[in-house]
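Any chance you could fold what I've pasted below:
(2 chains)
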Amino acid sequence: DVQLLESGGSLAQPGGSLRISCAASGFSFNNYAMGWVRQAPGKGLEWVSLVSGSGGSTYYADSVTGRFTVSKDNSQNTISLQMNSLRDEDTAVYYCVKERLSTIVGWFDSWGQGTLVAVSS
Amino acid sequence: DIQMTQSPSSVSASVGDRVTITCRASQDVGSWLAWYQHKPGKAPTLLIYEASTLHNGVPSRFSGTGSGTDFTLTIKSLQPEDFAFYYCQQAKTFPPAVTFGGGTKVEIK
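Numbering: from 1, shown residues only, chains lettered A, B, ... in the order given. Below you'll find the model as predicted:
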């Protein structure tokens, strides 16, 4: 079974940095693009970022471009999201997601349980 | 950017009812549309992709129709485990971006 386990969520100050990670198992990790989707309190889902199976291509939502960096370690079966210049509006539960196919299509067939990032002074 | 608008934002229904949720895209997305179910505190799950294809293991009471800008998710006979939030999502412009609808809460009447 596919398992995605996020970690690293915590309280951070506005302007600060935080790194969250996702450990994956149960599938050929290097073959699949992985990404992050977040949900702010009381709000809907918002796609944040995606990294290709090889880790060589990355994509970001406009709201995080230039501040967040996604990376993929195929030797450790993990992805990470480095979040810099954090803002109050980045407060959310961050879900790790897996692409359904080995090509980038945009259908996320597996999700982690989420990790909470709270940005507040 | 493509905007996705869901309606209604919430619906009250009873077990056994037929429930229909609509999703409208601000531009033509073809069949590049998915539906997800999300129960609070749990991981969201993929229900339908390519507008009408049921994901593995999803009960057949769920169905999706539509193309272009107008889509529907129908739950044929609502079950207790179906009370949840439902989100549509377009992937026409992916990469680099996907867009989710605002969500529909299906609650017990």
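
Contacts only, for the most centrally placed residue in chain A.
With distances taken as C-alpha atoms, centre = their mean, the residue of chain A nearest its centroid is residue A:36 (2.8 Å). Contact analysis of residue A:36 by C-beta atoms under 8 Å, 6 or more residues apart in numbering or on different chains lists A:22, A:47-50, A:70, A:79, A:81, A:94-97. Glycine gets a C-beta too; all of them are placed from N, C-alpha and C.

ok, now residue A:38?
By C-beta under 8 Å, 6+ apart, residue A:38 lies in contact with A:45-46, A:48, A:90, A:92-95, A:117.

Highest neighbour count among those residues?
residue A:45 (27 neighbours; other C-beta atoms under 10 Å in any protein chain shown).

Can you tell me which residues in chain B are near chain A?
Residues of chain B that fall close to chain A, judged by C-beta under 8 Å from any C-beta of the partner chain: B:1, B:32, B:34, B:36, B:38, B:42-46, B:49-50, B:55, B:87, B:89, B:91, B:94-103.

among those residues, which are in strands?
B:34, B:36, B:38, B:45-46, B:49, B:87, B:89, B:99-100 (DSSP state E).

Which pLDDT does the model give whichever residue of chain A sits closest to chain B?
Residue nearest to chain B within chain A: residue A:106 (2.8 Å; C-beta to the nearest C-beta). Listed pLDDT for residue A:106 reads 91.

For the nearest residue to residue A:29 once chain neighbours are set aside, give its distance to residue A:6.
Nearest non-adjacent residue to residue A:29, counting by C-beta to C-beta, 6 or more residues apart in numbering or on different chains: residue A:77, 4.4 Å away. Applying C-beta to C-beta, to the nearest Å, the value for residue A:77 to residue A:6 is 13 Å.

Nearest spatial neighbour of the residue sitting furthest away from the middle of chain B, chain-adjacent residues omitted?
Going by C-alpha atoms, centre = their mean, the residue of chain B most distant from its centre is residue B:96, 21.4 Å out. Closest residue in space to residue B:96, ignoring its immediate chain neighbours: residue A:59 at 4.4 Å, by C-beta to C-beta, 6+ apart.

For residue B:99, which residues count as its bridge partners?
Beta-bridge partners recorded for residue B:99 (DSSP bridges): residue B:90.

What about it, how many residues nearby?
Residue B:99: 23 neighbours (other C-beta under 10 Å).

Isn't it up against residue B:6?
No. Assessed by C-beta atoms under 8 Å, residue B:99 is found out of contact with residue B:6, at 11.5 Å.

could the contacts of residue A:38 be laid out in JSON lines, adding distance to residue B:13?
Formatted as JSON lines, these follow (distance: C-beta to C-beta, whole Å):
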{"residue": "A:45", "distance to residue B:13": "22"}
{"residue": "A:46", "distance to residue B:13": "27"}
{"residue": "A:48", "distance to residue B:13": "32"}
{"residue": "A:90", "distance to residue B:13": "35"}
{"residue": "A:92", "distance to residue B:13": "29"}
{"residue": "A:93", "distance to residue B:13": "27"}
{"residue": "A:94", "distance to residue B:13": "31"}
{"residue": "A:95", "distance to residue B:13": "27"}
{"residue": "A:117", "distance to residue B:13": "34"}
